[in-house]
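Engineer: here's my sequence, what's the structure:
(2 chains)
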Protein chains: 2
Amino acid sequence: MPNPTAAILIIGDEILSGRTRDSNMHFLAGELARVGIDLREVRVVADAREAIIAAVNALRQAWDHVFTSGGIGPTHDDITADCIAEALGVGIGVREDARALLAVHYTRSGLDFNAARMRMARIPEGARLIENPISVAPGFSIGNVHVMAGVPNVFQAMVAGLLPTLTGGEPLLSQTLRILRPEGEIAGPLGALAAEYPDLSMGSYPFNRDGVMGANVVIRGTDGVRVEAAMLRLAALFPP
Amino acid sequence: MPNPTAAILIIGDEILSGRTRDSNMHFLAGELARVGIDLREVRVVADAREAIIAAVNALRQAWDHVFTSGGIGPTHDDITADCIAEALGVGIGVREDARALLAVHYTRSGLDFNAARMRMARIPEGARLIENPISVAPGFSIGNVHVMAGVPNVFQAMVAGLLPTLTGGEPLLSQTLRILRPEGEIAGPLGALAAEYPDLSMGSYPFNRDGVMGANVVIRGTDGVRVEAAMLRLAALFPP
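Structural biologist: Model (predicted):
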């Protein structure tokens, strides 16, 4: 069975303006690889209704899972939940279980549960909540779209709760060989080897640090025996 | 005159697999903001022909500029130049000026100018070269698509050469106020202020570090007087 596929949609003007460096993409890419979900595409769009709706619809139709990050807080520019509802053609409103979670949290914290905070209980109809153990306001899954917060520690906690509930395929195994030769000399033999192992992916990632030139060659696949066999061949081609 | 718009297309399995953390998006986002080009979208796709072609065509039709990163090295998985040529419907072959640059470089370095390295002189017809002061193999611009290397120091050097050649609009000005209150208390007044200044963008970026809770509120626009006026109003709403 092939692994499920996925896309990440990052929603936020602050990433596009260069003000904030996104960390959620790299974090989730690593987690998905670990559980055997193939990340195939990432998009970053502005906090803009049409952009979010178009991206959600393109990605949910193309891939098995879509994970979104950002735009579910209390401020006027947090429009993700409304856009997801519109993209999926369902209604949205304050949901009692989400409202109750927030009410308990703000009462305990001695903070005012005002209209802005109540926005965070707006959940599209038919969604399942994603637990937020850090700041309570939940994410949600609807269809194959999983909507999470942009703040990195909250995003990471939501991912930790969500991933075990998704069906993972076989984990993707990888082995890396660090080869201290210029990539131009690695390219020919590596291309020939890749052609012999069409079921594996072989990538070459060059580096040039402090005058040392080389490449990390990564072989990936779901069959560990095949990955091992290809790596032994590669190591024999480039003895240290 | 509105600012020109732009997208970034990052090409690379190594980013999607979580192995490498991309840094080119954040770097170029900052540079584009500095020169007054509005970054509106980013996509990350695999080293896969159909994915690259579809993304290039979608982005070059939607935005004024498309900047790509990755896939122009010597190995078999470096297919960006061929995909760009196919997307734009032009031919591609080894170009004499690019070949000459590489020949001089490899002769000087005492390295073999082999078939794999010759691939880096393949340039779509009608393109303009983008200088690579670090490792010589050039990038190129064709139409509104600017194709650059993925290795960060090479990417940065190419951007430095390319950007002054593009027409920039008015620089986007921004001011930031750090407000030490929970975002839920900022949201109401900030939303009302944003409604009064439809020509400016106001974003709220919450943080919660070491028990200190607050948000950085960023006001952006091309008219410095308007940005300043809105920021004074905001500061009056949230005295320290």
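Engineer: tell me the domain ranges of chain A?
Structural biologist: Listed by automatic domain parsing, the domain ranges of chain A are A:5-165, A:173-237.
Engineer: quickly find the element holding the residue nearest the centre of chain A.
Structural biologist: Central residue of chain A (Cα atoms, centre = their mean): A:Leu28, 3.9 Å from the mean position. In this structure, A:Leu28 sits in helix A:24-35 according to DSSP states H and E.
Engineer: got it, and A:Gly126?
Structural biologist: Going by DSSP H and E, A:Gly126 is not in any helix or strand.
Engineer: mind listing the helices for chain A?
Structural biologist: Assigned by DSSP state H, the helices in chain A fall at A:13-16, A:24-35, A:49-62, A:80-88, A:96-109, A:115-118, A:152-162, A:183-196, A:224-237.
Engineer: is chain B contacted by the second one?
Structural biologist: Yes. Remark: helix A:24-35 sits within contact range of chain B at A:Met25, A:His26, A:Leu28, A:Ala29, A:Gly30, A:Glu31, A:Leu32, A:Ala33, by Cβ under 8 Å from any Cβ of the partner chain. Yep, even glycine has a C-beta here, placed from its N, CA and C like the rest.
Engineer: just confirm the residue nearest to the centre of chain A contacts A:Leu9, I think it does.
Structural biologist: No. If you go by Cβ atoms under 8 Å, A:Leu28 and A:Leu9 don't touch, sitting 10.9 Å apart.
Engineer: which residues do these two both contact?
Structural biologist: Shared contacts of A:Leu28 and A:Leu9 (Cβ atoms under 8 Å, 6 or more residues apart in numbering or on different chains): A:Phe67, A:Ser69.
Engineer: okay, and the beta partners of the closest residue to A:Leu180 other than its chain neighbours?
Structural biologist: Closest residue to A:Leu180 in three dimensions, ignoring its sequence neighbours and counting by Cβ to Cβ, 6 or more residues apart in numbering or on different chains: A:Gly214, at 4.2 Å. With DSSP bridges as the criterion, A:Gly214 is bridged to A:Phe207.
Engineer: count the neighbours of A:Gly214 for me.
Structural biologist: The tally of other residues near A:Gly214 (other Cβ atoms under 10 Å in any protein chain shown) stands at 18.
Engineer: got the contact list for it?
Structural biologist: A:Arg178, A:Ile179, A:Leu180, A:Arg181, A:Pro182, A:Glu183, A:Pro206, A:Phe207.
Engineer: A:Ile84: how many residues sit nearby?
Structural biologist: 28.
Engineer: residues contacting it?
Structural biologist: A:Ile52, A:Val56, A:Thr68, A:Pro124, A:Ile142, A:Val145, A:Val147.
Engineer: residues contacting A:Ala236?
Structural biologist: Taking Cβ under 8 Å, 6+ apart, one finds nothing in contact with A:Ala236.
Engineer: so how far is A:Val218 from it?
Structural biologist: As for A:Ala236, its distance to A:Val218 is 17 Å (criterion: Cβ to Cβ, to the nearest Å).
Engineer: can I get stretch A:40-60 in CSV, CA atoms only?
Structural biologist: Only the C-alpha atoms of stretch A:40-60 are listed here, as CSV (Å, rounded to 0.1, in the frame of the first residue of the first chain):
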residue,chain,number,x,y,z
ARG,A,40,4.3,16.4,-1.3
GLU,A,41,3.6,20.2,-1.2
VAL,A,42,3.7,23.2,1.0
ARG,A,43,2.0,26.6,0.4
VAL,A,44,2.2,29.8,2.3
VAL,A,45,-0.6,32.3,1.7
ALA,A,46,-1.6,35.6,3.1
ASP,A,47,-4.4,36.2,5.7
ALA,A,48,-6.8,36.8,2.7
ARG,A,49,-10.1,35.0,2.2
GLU,A,50,-9.8,34.2,-1.5
ALA,A,51,-6.2,33.0,-1.1
ILE,A,52,-7.0,30.7,1.8
ILE,A,53,-10.1,29.2,0.2
ALA,A,54,-8.4,28.6,-3.2
ALA,A,55,-5.4,26.9,-1.6
VAL,A,56,-7.5,24.7,0.8
ASN,A,57,-9.6,23.5,-2.1
ALA,A,58,-6.6,22.8,-4.4
LEU,A,59,-4.7,20.9,-1.7
ARG,A,60,-7.5,18.9,-0.2
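Engineer: flag every buried residue along that stretch.
Structural biologist: Across stretch A:40-60, burial judged by 16 or more other Cβ atoms under 10 Å in any protein chain shown covers A:40-47, A:51-56, A:58-60.
Engineer: looking at stretch A:129-140 now, give me its mean pLDDT.
Structural biologist: When pLDDT is averaged over stretch A:129-140, the result is 90.
Engineer: do it and chain B meet at all?
Structural biologist: Yes. Using Cβ under 8 Å from any Cβ, stretch A:129-140 reaches chain B at A:Ser135.
Engineer: contacts for that stretch?
Structural biologist: With Cβ under 8 Å, 6+ apart, stretch A:129-140 has contacts from A:72-73, A:81, A:97-98, A:101-102, A:105, A:117, A:120-121, A:123-124, A:127-128, A:141, A:146-149, A:151, A:153-154, A:157-158, A:161-162, B:208.
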